[in-house]
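Q: pasting a predicted model and its sequence here:
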Amino acid sequence: MISAKAKVCGVMAYPVEHSLSPLMHNFFAGEMGIDFVYVPFKVQTECVEDAVKGAFALNLAGMNVTVPHKQRVIPWVKEMDPAAKAIGAVNTLVRTEDGFKGYNTDAGGLSRAMGEFGMTIEGKDWILIGAGGAAKAAAYVLGSRDANTVVILNRDEYKARELADETNRRFGREFVTAAALNDWRKLPDREWQAIQTTSVGMYPHGGQAPVEDPAFYRNISRAMDVIYTPARTRFALLVEEAGGQAAGGLDMLIYQGAEAFQLWNPGTVIPEEVIKKARILMRETLERQKGT
Ligand code: ATR
């Protein structure tokens, strides 16, 4: 039941139609018995400022922000959580008295999902594919959890270099290098773990991977794709075909969502039981969507 006192939150994205966040947050609210409703908002790039101000005017308790707005909302928040500031991307807005505070729950969500998948970050060598908002959260996780080395591969090499420089500066050690995605053949021949953060292979372009050559995948022992639609990306498939293990982005989505939900509902802790049920519900939904 949604009463007239319900806390209202939502997600702003473009496109937004395939987001599983409304399903997830409304499920959390039902399970936790909270008077709360979460709705999708399709927001064009040129409307980001109006959307943030409008959400505040409409008394929304918070918002999730996703592709392609995670960096664009920053000028319109009143305050930044220190981690979100360090990452340079915001995926969660939390209402305060005079405006929204920007948080990044992607980093915590990714970190937890990587742990669940059995990935050790400390002391390992990493390939980070992409240099956008999601890559920034991933670089922050790798830096804070003492990765040995990181190579950022991006189509636009300049952006990869910028993120590498920023990350080295932030953590005070030279452990990140950058290269153009096309130059992957120059990577040292050693065991890698990888995080895929580009939108390549995301619905409706499910048949694509950022690198098509199977040779790229030979040295990747474990990989996580942050994409969750489709549940199994071509990238994940290529990793597995080369003998590695791969996970999709559903767990990261759920954990970042749980963290955001807890920020909007202080004092609430979503138990593992509810997380498990949400995972089943979302998997089933993804399965059904496959045919649409
Ligand atoms: P997000 O917030 O999800 O990270 P983003 O900031 O728009 O979204 O970043 C998208 C990422 O996907 C970028 O790394 C982008 O590469 P460029 O920086 O070169 O644009 C990458 N990407 C998008 N389409 C791509 C494509 N067709 N081939 C390779 N990389 C692509």
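A: Arrived safely, thanks for sending. No experiment lies behind these values; they were computed from the predicted model shown.

Q: can you pull out the strands in the stretch 51-200 of the chain?
A: For the stretch 51-200 of the chain, the strands defined by DSSP state E, counting those that start in this stretch cover 62-65, 79-80, 92-96, 99-103, 125-129, 149-154, 176-180, 192-196.

Q: return the most buried member of those.
A: Looking across those with neighbours counted as mean count of other Cβ atoms under 10 Å, the highest average goes to strand 62-65: a mean of 27. The C-beta positions use only the backbone N, C-alpha and C, and glycine is treated the same way.

Q: which pLDDT value does the model give the residue in the stretch 101-250 of the chain that the ligand sits nearest to?
A: Across the stretch 101-250 of the chain, the shortest distance to the ligand (Cβ to the nearest ligand atom) belongs to residue 132, at 2.0 Å. Note for residue 132: predicted pLDDT of 92.

Q: leaving out sequence neighbours, find the closest residue to it.
A: Nearest non-adjacent residue to residue 132, counting by Cβ to Cβ, 6 or more residues apart in numbering: residue 197, 6.6 Å away.

Q: for that neighbour, grab the count of nearby residues.
A: Per other Cβ atoms under 10 Å, the neighbour tally for residue 197 reads 27.

Q: what's near enough to touch it?
A: 128-130, 132, 134-135, 138, 226 (Cβ atoms under 8 Å, 6 or more residues apart in numbering).

Q: how about the longest helix along the chain: buried residues?
A: The longest helix of the chain (DSSP state H) is helix 272-290. Residues of helix 272-290 classed as buried by neighbour count (16 or more other Cβ atoms under 10 Å): 274-275, 278, 282, 286.

Q: so can I have a markdown table of those residues showing distance to the ligand and pLDDT?
A: Output for these, formatted as a markdown table (distance: Cβ to the nearest ligand atom, whole Å; pLDDT from 0 to 100):
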| residue | distance to the ligand | pLDDT |
| --- | --- | --- |
| 274 | 26 | 98 |
| 275 | 23 | 98 |
| 278 | 22 | 98 |
| 282 | 19 | 97 |
| 286 | 18 | 91 |
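
Q: re earlier: in terms of contact, does the residue of the stretch 101-250 of the chain closest to the ligand touch residue 198 like I think?
A: Yes - contact criterion Cβ atoms under 8 Å: residue 132 and residue 198 qualify, at 7.3 Å.
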